[in-house]
Structures are given as structure tokens and as C-alpha cells.
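J.: need a 3D model of the following:
(chains A, B, C and D)
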Number of protein chains: 2
Amino acid sequence: MVTLAEVAHHAGVSASTVSYVLSGKRSISASTKDRVERSIQELGYHPNAGARALASSRSNIIALMVPLRTDMYVPVMMEIAIAVATTARTHGYDVLLLTGEEGPEAVRRIEGSSLADAMILMDVELHDERLPLIRETGRPAVLIGLPADPTGLTCVDLDFVATGAQCVEHLSGLGHREIAVIGEAPAVYERHTGFAERTLDGLRGRAAELGVRVLHRPCEGTYDALAATLARVFDERPGTTGFVVQNESAVEPLLSLLRRQGRAIPEDVSVIAVCPDQVATQASVRLTSVAIPAQEMGRQAVERVVAKLRDEAVDEVTLLTPELTVRSSSGPGPAKG
Amino acid sequence: MVTLAEVAHHAGVSASTVSYVLSGKRSISASTKDRVERSIQELGYHPNAGARALASSRSNIIALMVPLRTDMYVPVMMEIAIAVATTARTHGYDVLLLTGEEGPEAVRRIEGSSLADAMILMDVELHDERLPLIRETGRPAVLIGLPADPTGLTCVDLDFVATGAQCVEHLSGLGHREIAVIGEAPAVYERHTGFAERTLDGLRGRAAELGVRVLHRPCEGTYDALAATLARVFDERPGTTGFVVQNESAVEPLLSLLRRQGRAIPEDVSVIAVCPDQVATQASVRLTSVAIPAQEMGRQAVERVVAKLRDEAVDEVTLLTPELTVRSSSGPGPAKG
DNA sequence: CAGGGCAGTCGAAGCGCTTCGACGCACCTA
DNA sequence: TAGGTGCGTCGAAGCGCTTCGACTGCCCTG
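T.: Model prediction:
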């Protein structure tokens, strides 16, 4: 393994000079710099990560805590993780993958061992156990998600309240007066991740203003569960002509069941999904949807965390503006029909 | 930050003694060990990762290279990644997440910087650029996937040849004589990842023995693409009564389109999928399927890599035995009807 | 022309840990 | 009782890097 000392010797300079060439923390003459860089190339030198971390007390590693469970929004999680990893690299950081399994203990372990300079937490719950630790820890952290109290934290998330509002606005604008919301599985609500509730809040708030009736039903993403839910919906509100789905795996069952019932999309009912664009475009009907900008969230989280590592001031909460794309699953409702 | 020296002082022993308590590399009296452990608890000591890596030249980190693209088998990738991370933790290792973006250069960087003690590569192509580097590198590596020439490497993968064979056997046993294979998107074949081809080999081999006719069609996972493919299949082979799908996102379109054509599953056609169990059980028909054991692959890869780190001998190739689960999408074919 | 300042370089002191050799002691054997 | 044998512990020497202070010329200023 090539060491800095060997590079120094090869270039005929001292070790510290090589170090300064690498870090740029002191000025180096062009000729020296050139020589050193050539030596680095020639010898194939890579600084030893451990030594560097020890001497500088910075590991150039960002820890990413992903949820353990794979029951929900897996592609979104994956996209975020990959965006985090690639964005981190552009800033010279590597990413350490932690699963939720260790729980809050992981935060303490990373902190104590100085394994990572900063953390990004995904799947944050409203009253997440990790938050107290994050608050008292010295290390920068960014949450993807929005807890009940974001004071003293840095959060990045989609603006789900606006998302809900946009869905209603679109449907209302098309003339729909009664809409049903097919939500995440009940377990998701029980876990209090927040985003589902916030969507609903936005939806209900705007609906009240626009005089639209809203019926909300959490639902597992299986055909059976959805069939039952759908039956109840039309039983309670036969006049329902608009659907908002916020549950990736419920999308296809919903479309399929509506069709089987002889309800045409969008002639009889309109459907809007809150899901990644990929899901919306690959469904059996090209879905009008509000995109979940997974990549953007990952990227923003890294930018924030890097800014904090540079001691720059960073907003507590960054909410990404939702974008509704009209596709083929939404059309005029009764009030316009 | 608490250091080992502080623990030593607190416990009234030397630093080396504390180190030996931690590593267990020399015998320590029960009383001393006790005292030290109590001090560690009390002070909340965590060994500094960088210092440890520097002194021992082992980072206790395993690098995991995941593919950059998110166009295929995302849930499988995620499950593998999570299984790798959790299994690694049980052996005292953390996982560094690398994306394919850096390409072979990443291997060199990790190697040179001693950032990780070992690597696990996912999404290995038949003639993967990274393989020469892996072969000459000193660091243990395990591939998830099977390249053209596994000599000198360690690979873990599902036995896709046997997978293909099992599918044919099941369909043949039910009396189907003409089957169609809906494969991955053409891009997957062009990339030469191998698994798709191997499934096909197994399928064709066994089909020849059993006197079953096989028609293979790569296909994108969209409704339009599948509709076109399906039309061509029935055009060429009107007698087709069995389908094997190896393409997660094509599953639902296939089922849906068959239904729309008035072909009942499994009365008129049988469908077998090669996919994770979750997909098979959540589809609109509970699918007879051969499971892709993502978790198991991740776990096995870690076990192998840890064994290699302990200098134990490890097989070059580990192929997991596929398991076919009969559900509701396969039934008697013409020869038995 | 003396003095100050600055660009460019070096040497040395750690960072916190592992590990090797050595030492003291109790115990056993001859 | 002398000598050997472990066991348990310690001290010190690094691991490869960063970083601080110091040094050397050189140019610029007054």
C-alpha cells in the first residue's frame, strides 16, 4: 500500500507538503504541486481513510438510516438511498448504510465511534425515538420526513399538505363533488409517520373551502382488501366520482376493480395517485398524479447536510413543492358533465 | 469524546489491558475484566473507528456496490441491501453503500484507501469490468450473480437454470405442451447479466427432454408492450396454454390482458412467475411462482465474505436451490383437461 | 538599505488505538 | 529449593495522516 511518505520521497518533498497539495490548505508553488501530483498518479496513491479520519477527526462519511421494513414505498426508499449515495460522492463523501434495526442505539454508536461526520434519517415518525439523541448530538443531521416538532432539526420532505390540496383542486376543478381517499395501510397510520395524515389534512382543508365531500379509508394494498374497501365506499357514498390513492400497491388493484365494476376511467370516475412518476406512467391507465420526488429529496438532504458540515446556516424545514401532472385518469365530473 | 485512555484510568489499569478486554486477544482476570467493562458502561465509551482502523488495518466495513439504475427488480435490490446490512451488523461489520456510478474506479478507491475490508458486488454482468480488479485485489469479495467465468471468485446466486427447469416441469406435469416465456426487457439481455439467459437455458433444456415447445419473448413491463407481445405469441402459437414470466413489472399487465382477452387463469392458461414471494401473493391472482430469495442471497453473501475475512476456505460458486410454490394461477392443461 | 510581510516549505507533535515483548508472580515439578 | 511454565498486566512503539509553528528567501515599502 502506497503511503503519503512514499509519495513525498518520490516527489522529493516533505510529507506535509504532499498533504497540503491534497488539501489545498496552504499555498504550494505550481511546480511543486505538479511534481507531487505526478508522483501520486505514478504510484497510484490513495490516502488511508483511517489515518485521515484519526488525524483530522473527519471521516468523510455520511450515515444513512433506512427503515428496516420493506412493506412500503420500497422503490422510493431505494431511489432516495441511491440519490443520497451519488450526491454524497460529488461532495467527497461516502455513505454508510444503517438499517432501523439497531434503533436509536445506532445513533449513539456512530456518534461515539466517530464513524460518520453526519447522519441522514429516513422514515421519520412524528415522535421518533431518535430525535432526542439527534438534538443533543454534536453531529449534523438531516431528516427526510417531518416530525411533530422540528425545532432544532433540519428536515426535508414533500409538502404533503399542499399535495392533498392540489389533488382536491384538480378534482374540484373538473367538477367532482364527492371524492374518496384510498390511503396507506392502517399500520402506516398507527406508526404515525405523518405524511399520510398531512396529505389528508391538506385534502380536507381545501375540500371544505371548495365544498367537496371527502371520505377517507386506509387500505392494504391487496385485491381483497381493496374490493372490500371499495364496496364500502360506494355503499356509503354512491355519488363518489373522484379517487385519490396514496398507496403504491393499491393503485393497480383499484384500477382493475373499478374496471371490473364497469366504471370507466376517466369517463365515470377520475383517479389521482400520489406516487412516483414511474408508477403513474406504468399503470394500466396513465395516471394523473402528484409525484413523490424521491431523487430530489435524497439530493436535497445531502446538500443540507453538507452545508451544515461547512457550518453554513440551514433552514429547519424544507418542503418541496408538489407537482401534479395531468394524464389520462382524470376527466370531467358530474358538475361539468 | 471518551477515549480508551480515559477508560483505562477510570478502571485503574493500562490502556493495553482495556484493549485486550475489548478484543479478547489475551486472557484477562475476571475481576479486571469486570472493572473495565463497568468503566466502559459508565463512561459510555465507544472505540474510535478511525484510530482502530489505522492501528489494526481493519475497518470493520464491508462495501456494497449496488447498481445505479432503478429500472429493474428494485424491491429485490433493496431487500438484498437490507439483508446485507443487518447480517453484517451481526458480525460486527458496517456497510458502505457504493453506487455503480463510479464504476470500476470505486473498487480501486476502496482498495487504495483501505476504507473497507471486503466488497460485495450486486448486479454482476457476464463480463463485468470490475472482475479483473477484484481478482487482483487482496481484499475478499463476493458477487451476487454469476459471471461467465467465476474462476478465482466467490459467487452467490439463485440457480436460475434449475429455476427454468422447475417451471417447465410444473407446467408439463399439468399437461401443458406449448408455453411462452415473457422475459425481461430487451435492455436486460443486452446488458448480459446472465440470469435471464440462464433461466431460459434451464427452461429450454428441460422442455426439450419433456417434449414441450417453448417460445421466448423479451418484453418491457408496460401494458402496451405486453399487449403487442401477447398478440404475437398467440398469433405464432395459438395453442399456448402456459406462461412463465420473469419480469416483475410485466406480471400485472400480463394477468390483466389475459383476462381482458377472456382467457381465464388457470382454467384456460396457467401462469408461473419468477419473482419475490411478495409480488406473487399480492398480484390480482395468487401466483404460482419460483421465489427470488433476496434476503437469503444477501445473508449468504455476507456469510461468505466474513468467512473469507477469517481466512476460511469458501466455495467459488454457491447456487441457491429454487423453490416453486403452487398457488392459484396454474392448473391442468390440454393434455390433462 | 533596513525592515516587514508573505509565499512556500519543512519538522515534529500528536490523533486513539493495537500489538509485541517483557515483567512479575504464583504454582508446579524434580 | 532452584528452575521452569503459564497467566495477567504493562510500557512503548508504531499505524499514516493533519496541522501548527518555524524557517528561508524574496519582494515591497518607507
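J.: who does the helix or strand hosting A:M119 pair up with?
T.: Element membership for A:M119 (DSSP states H and E) is strand A:118-121. Sheet pairing of strand A:118-121 (DSSP bridges) gives strand A:61-66 (parallel), strand A:141-144 (parallel).
J.: closest one to DNA strand D among the ones you listed?
T.: Comparison of the strands paired with strand A:118-121 against DNA strand D by Cβ to the nearest atom of the strand identifies strand A:61-66 as nearest, at 14.4 Å. C-beta coordinates here come from the backbone N, C-alpha and C atoms, glycine included.
J.: do that closest one and DNA strand D meet?
T.: No. Against DNA strand D, strand A:61-66 shows no contacts by Cβ under 7 Å from any atom of the strand, the least distance being 14.4 Å.
J.: ok, and what's touching that strand?
T.: Residues from elsewhere that reach strand A:61-66, judged by Cβ atoms under 8 Å, 6 or more residues apart in numbering or on different chains: A:77, A:81, A:84-85, A:88, A:93-100, A:106-107, A:110, A:115-123, A:130, A:302, A:305, B:82, B:96-97.
J.: among those, which are in strands?
T.: The strands, defined by DSSP state E, take in A:D94, A:V95, A:L96, A:L97, A:L98, A:T99, A:A118, A:M119, A:I120, A:L121, B:L96, B:L97 from the contacts of strand A:61-66.
J.: filter the residues you listed down to the buried ones.
T.: Those of the ones in strands among the contacts of strand A:61-66 that meet the buried threshold are A:D94, A:V95, A:L96, A:L97, A:L98, A:T99, A:A118, A:M119, A:I120, A:L121, B:L96, B:L97, by 16 or more other Cβ atoms under 10 Å in any protein chain shown.
J.: which parts of the stretch 51-200 of chain A sit against chain B?
T.: Residues of the stretch 51-200 of chain A found near chain B (Cβ under 8 Å from any Cβ of the partner chain) are A:51-54, A:57, A:59, A:61, A:64, A:66, A:68, A:70, A:74-75, A:77-79, A:81-82, A:85-86, A:89, A:94-99, A:101-102, A:108-109, A:111-115.
J.: now with 6 Å?
T.: A:51, A:53-54, A:70, A:74-75, A:78-79, A:82, A:85-86, A:94-97, A:99, A:101, A:112-115 (Cβ under 6 Å from any Cβ of the partner chain).
J.: and these, which of them are buried?
T.: Those of these that meet the buried threshold are A:51, A:53-54, A:70, A:74-75, A:78-79, A:82, A:85-86, A:94-97, A:99, A:112-115, by 16+ other Cβ under 10 Å.
J.: tell me the one among the ones in strands among the contacts of strand A:61-66 nearest to DNA strand D.
T.: Nearest member of those to DNA strand D, counting by Cβ to the nearest atom of the strand, is A:D94, at 15.0 Å.
J.: list the residues that contact the closest one.
T.: A:I61, B:L96 (Cβ atoms under 6 Å, 6 or more residues apart in numbering or on different chains).
J.: A:A53 reaches B:N48, doesn't it?
T.: No. Applying Cβ atoms under 6 Å as the test, A:A53 and B:N48 come out as separate, 8.2 Å apart.
J.: the residue in the stretch 201-337 of chain A that DNA strand C sits nearest to - how many residues pack around it?
T.: Per Cβ to the nearest atom of the strand, A:L309 is where the stretch 201-337 of chain A lies closest to DNA strand C, at 19.1 Å. Per other Cβ atoms under 10 Å in any protein chain shown, the neighbour tally for A:L309 reads 17.
J.: repeat that for A:L215.
T.: 14.
J.: show me the shaky parts of the stretch 51-200 of chain A.
T.: Counting by pLDDT under 70, the stretch 51-200 of chain A has low-confidence residues at A:70-72.
J.: quick one: the closest residue in space to A:Q295 that isn't next to it in sequence from A:A228, how far?
T.: Closest residue to A:Q295 apart from its sequence neighbours, by Cβ to Cβ, 6 or more residues apart in numbering or on different chains: A:A83 at 4.3 Å. Between A:A83 and A:A228 the distance is 37 Å, computed by Cβ to Cβ, to the nearest Å.
J.: and the two? Which one has more around it.
T.: Per other Cβ under 10 Å, whichever of A:A83 and A:A228 has more neighbours is A:A83, with 22 against 14.
J.: surely that one is in contact with A:Q300?
T.: No. Counting by Cβ under 6 Å, A:A83 sits too far from A:Q300 to count as a contact (9.1 Å).
J.: list the buried residues in the strand or helix carrying A:H170.
T.: Secondary structure assigned from DSSP H and E places A:H170 in helix A:160-173. Buried residues in helix A:160-173, counted by 16+ other Cβ under 10 Å: A:160-172.
J.: want to throw those residues into CSV with distance to B:A30?
T.: Shown next, in CSV, are those (distance: Cβ to Cβ, whole Å):
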residue, distance to B:A30
A:F160, 56
A:V161, 60
A:A162, 62
A:T163, 60
A:G164, 62
A:A165, 66
A:Q166, 66
A:C167, 65
A:V168, 68
A:E169, 71
A:H170, 71
A:L171, 71
A:S172, 74
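J.: between the residues you listed, which is nearest DNA strand C?
T.: Of all the buried residues of helix A:160-173, A:F160 has the smallest distance to DNA strand C: 42.7 Å, by Cβ to the nearest atom of the strand.
J.: I'd guessed that closest one sits against A:F195; true?
T.: Yes. In terms of Cβ under 6 Å, A:F160 counts as a neighbour of A:F195; the distance is 4.9 Å.
J.: before we move on, the earlier item: output the helix holding A:H170 as PDB, nothing but the C-alphas.
T.: Presented in PDB, the C-alpha positions along helix A:160-173 are these (Å, rounded to 0.1, in the frame of the first residue of the first chain):
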ATOM      1  CA  PHE A 160     -47.900  16.800   1.700                       C
ATOM      2  CA  VAL A 161     -50.400  19.300   2.800                       C
ATOM      3  CA  ALA A 162     -50.100  21.100  -0.500                       C
ATOM      4  CA  THR A 163     -50.200  17.700  -2.200                       C
ATOM      5  CA  GLY A 164     -53.500  16.900  -0.700                       C
ATOM      6  CA  ALA A 165     -54.800  20.400  -1.600                       C
ATOM      7  CA  GLN A 166     -53.700  20.100  -5.200                       C
ATOM      8  CA  CYS A 167     -55.500  16.800  -5.600                       C
ATOM      9  CA  VAL A 168     -58.800  18.300  -4.400                       C
ATOM     10  CA  GLU A 169     -58.300  21.400  -6.500                       C
ATOM     11  CA  HIS A 170     -57.800  19.400  -9.600                       C
ATOM     12  CA  LEU A 171     -60.800  17.200  -9.000                       C
ATOM     13  CA  SER A 172     -63.000  20.000  -7.900                       C
ATOM     14  CA  GLY A 173     -62.000  22.000 -11.000                       C
END
